[in-house]
Structures are given as structure tokens and as C-alpha cells.
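Novice: Turn this into a model:
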Amino acid sequence: MTADGKIEVLVADDHFIVRSGLVAVIQAEPDLRVVAQAADGAQAVECYARHRPDVALLDLRMPVKNGNEAIELIRAEFPAARILVLTAYSGDEDIHRALQAGACGYVLKSSSGEGLITAIRAVAAGERWVPRDVATRLAVRSTYEALTQREIDVLKEIAKGRANKEIAQALAISEHTVKDHLKNILAKLHVAARTEAVTAAVQRGIIEL
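Specialist: Predicted coordinates:
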């Protein structure tokens, strides 16, 4: 916090209009000040190091480096950094990865501006901010068994529309092994078909299309 009592904020979002809107909402508050803006994850890391804001507000899906990569890099150099994720992605895996990377809070873009401002102030004060809707989605994760990295690799190939033989060639494994992985994927995601598996994985944030 600065000498005049204002909380300094870094805003990182690759969409100019969204970023501009966020800046306007934050600047309208008497106790908040936007000190830097970033259009990608790499810029966010650079801006944080240069300005050392009280709170870094980051989107998850950004070019060059995504939000989680930026969080990890910032926290590696500045362990006490207070980072708040603001994103449209509500999958339980998205939330889990962001918090594991070091985010102090997670807010959905569908929330109100008032909710965002409250979250910024809470994170600046050293609190952890996980609203009820986010906590509920995160709790869902405990009902699923985690996929292995190889199962995720197979799932990504399935999402490309590839048949088992093509997946086997792409991953340098046998077709029988692909079938075993697929069986495990369906069971872990609680679905019955390949297309359902892809849909569920995208919704939960396990893979991106």
C-alpha cells in the first residue's frame, strides 16, 4: 500500500476491451490504483517485477505465457506476491491448478464488479478469496480420480478426432495400450463414450481445444 493509502493493482488480460473495463472499474474506487497493465503472461511477470503491486489481477488464458505460468514465475521470485485470478474458466481443474500455482484468490468474470473490488481488497489484506460458487466447483474435483499424464495425452489425441491406431502411432505406444487408457479415462470421468470424455475434460479444464 502506498503512502496515500491506496492499494496498487496490476491488471493482466489479453483482451483490450476487457482489460480497459477492469481498469475503469478499479480506478473508480478511491482506495485503489492501477499501476500497470499487461496483455500477456510474460508482460505480467515483467510488470510485476517493475512495479511490485499490492495485488496482481491475472486472467488464466493469455498468450506467450498463460496465467498459471505467470503466477509460478512471479511467486518464485516474490514469494509474498498476492495474486488474484479473474477468469471466465470455471472448471474444477482450472481452479485447482491456479491455486496450486500460488494464486491467493479466484474470481469468475461472471461475478459483479462489486464482488471483484471486494476480492481485491481482501487479497491485498492478506486473505484468501475463494467465493462459494468457486469452492463448490472445486469440491467436485474430489469426486473424480485424477487422470495420469499419459491418459491426458491420449485424451488430447481423441479430441483431435484420431482413431486408436492413429493415437498409438502418435504416442509411440501399442493400440492395446491406447484401449486400456481409454477405458481408464471413461471410468475416471464418469462417462460412457469418447465424445463425452472430451466434452467433460474441456468443461473441467483438463484439456483445451
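Novice: Pull out the buried residues from stretch 69-84.
Specialist: 69-71, 73-75, 78, 81-84 (16 or more other C-beta atoms under 10 Å). (Each C-beta comes from the backbone N, C-alpha and C, glycine too.)
Novice: Mind checking which of those residues land in helices?
Specialist: Among the buried residues of stretch 69-84, the residues falling in helices (DSSP state H) are 69-71, 73-75.
Novice: tell me the centre residue of this structure?
Specialist: Nearest to the geometric centre of the chain sits residue 60, at 4.0 Å (C-alpha atoms, centre = their mean).
Novice: pLDDT wise, what is that one at?
Specialist: Model confidence at residue 60, given as pLDDT, is 95.
Novice: Name the surrounding residues that touch the lowest-mean-pLDDT helix or strand in the chain.
Specialist: The weakest-scoring helix or strand in the chain, judged by mean pLDDT, DSSP states H and E, is helix 132-140 (a mean of 88). When contacts are defined by C-beta atoms under 8 Å, 6 or more residues apart in numbering, helix 132-140 is touched by residues 90-92, 95-96, 99, 106-108, 130.
Novice: returning to that earlier point: could the buried residues of stretch 69-84 go into TSV alongside pLDDT and distance to residue 142?
Specialist: Below are the buried residues of stretch 69-84 laid out as TSV (pLDDT from 0 to 100; distance: C-beta to C-beta, whole Å):
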residue	pLDDT	distance to residue 142
69	97	26
70	98	27
71	98	23
73	98	29
74	98	28
75	98	25
78	98	31
81	98	28
82	98	27
83	98	24
84	98	24
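Novice: among those, which two are most distant?
Specialist: Farthest-apart pair in the buried residues of stretch 69-84 is 69 and 82; separation 17.9 Å (C-beta to C-beta).
Novice: longest helix of this protein?
Specialist: Longest helix of the chain, by residue count under DSSP H: helix 175-189.
Novice: Domain map for the chain?
Specialist: For the chain, automatic domain parsing gives the domain ranges 7-141, 145-204.
Novice: Strands of the protein, residue ranges please.
Specialist: Per DSSP state E, the chain carries strands over the ranges 7-12, 32-38, 55-58, 83-87, 105-108.
Novice: Between those, which one is closest to residue 161.
Specialist: The nearest among the strands of the chain, by C-beta to C-beta, is strand 83-87 at 27.4 Å.
Novice: by contact count, what packs against that closest one?
Specialist: If contacts are counted by 3 or more C-beta pairs under 8 Å, 6 or more residues apart in numbering; DSSP states H and E, strand 83-87 sits against strand 55-58, helix 67-77, helix 92-101, strand 105-108, helix 113-124.
Novice: Make TSV from the ones you listed and add distance to residue 183 to it.
Specialist: Shown next, in TSV, are these (distance: least, C-beta to C-beta, whole Å):
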stretch	distance to residue 183
strand 55-58	37
helix 67-77	30
helix 92-101	21
strand 105-108	33
helix 113-124	42
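Novice: Could you look over those and pick the most buried one?
Specialist: Sort the helices and strands packed on strand 83-87 by mean neighbour count, taking mean count of other C-beta atoms under 10 Å, and strand 55-58 sits at the top with a mean of 28.
Novice: Show me what the longest helix of the chain is packed up against.
Specialist: helix 149-159, helix 164-171, helix 194-204.
Novice: what about the residue at the greatest distance from the centre of the chain, distance to residue 42?
Specialist: The outermost residue of the chain relative to its centre, with distances by C-alpha atoms, centre = their mean, is residue 176 at 34.1 Å. From residue 176 across to residue 42, the span is 42 Å (C-beta to C-beta, to the nearest Å).
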